[in-house]
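Undergrad: Kindly generate the corresponding structure for this input.
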Amino acid sequence: MVHNYPHLCGLLSFFNCVKLVQEFKQTLRLSIPLIVSNVAQVGLGLIDSAMVGSISYKQLAASSFVINAILAFHRLFALV
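TA: As a prediction, the model looks like this:
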């Protein structure tokens, strides 16, 4: 028994498929600064942890807690 799976655009007309691709490209172009920002925040947390981790594990725990609290606060109010 052979199953035929329709192409993603097979259910849509050609015009709608082209418009969908254009919208996807525009959305991706808008999302690039957000992606870079998130990668930079993760990198900053990693560098902070490496620097503080060389001092003591207690300071590393406190630093990790504060970094996570700041990121949670930022993400919570970024939605507003």
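Undergrad: and K19, how many residues sit next to it?
TA: For K19, the count of nearby residues is 12 (other Cβ atoms under 10 Å). All C-beta atoms are positioned from the backbone trio N, CA, C, and that covers glycine.
Undergrad: Pull up the gap between it and Q26, please.
TA: In this view, K19 and Q26 are 11 Å apart by Cβ to Cβ, to the nearest Å.
Undergrad: Any stretches of this protein with poor pLDDT?
TA: By pLDDT under 70, the low-scoring segments of the chain are 1-15, 80.
Undergrad: what residue is smack in the middle of it?
TA: I35 (5.3 Å; Cα atoms, centre = their mean).
Undergrad: which SSE is it in?
TA: Element membership for I35 (DSSP states H and E) is helix 14-53.
Undergrad: which other helices and strands contact that helix?
TA: helix 57-78 (3 or more Cβ pairs under 8 Å, 6 or more residues apart in numbering; DSSP states H and E).
Undergrad: quick one: buried residues of the helix it packs on?
TA: Neighbour counts over helix 57-78 (16 or more other Cβ atoms under 10 Å) mark L60, S63, I67 as buried.
Undergrad: doesn't D48 make contact with the last one?
TA: Going back to what we said before, that points to I67. Yes. With contacts counted by Cβ atoms under 8 Å, I67 reaches D48, the gap being 6.3 Å.
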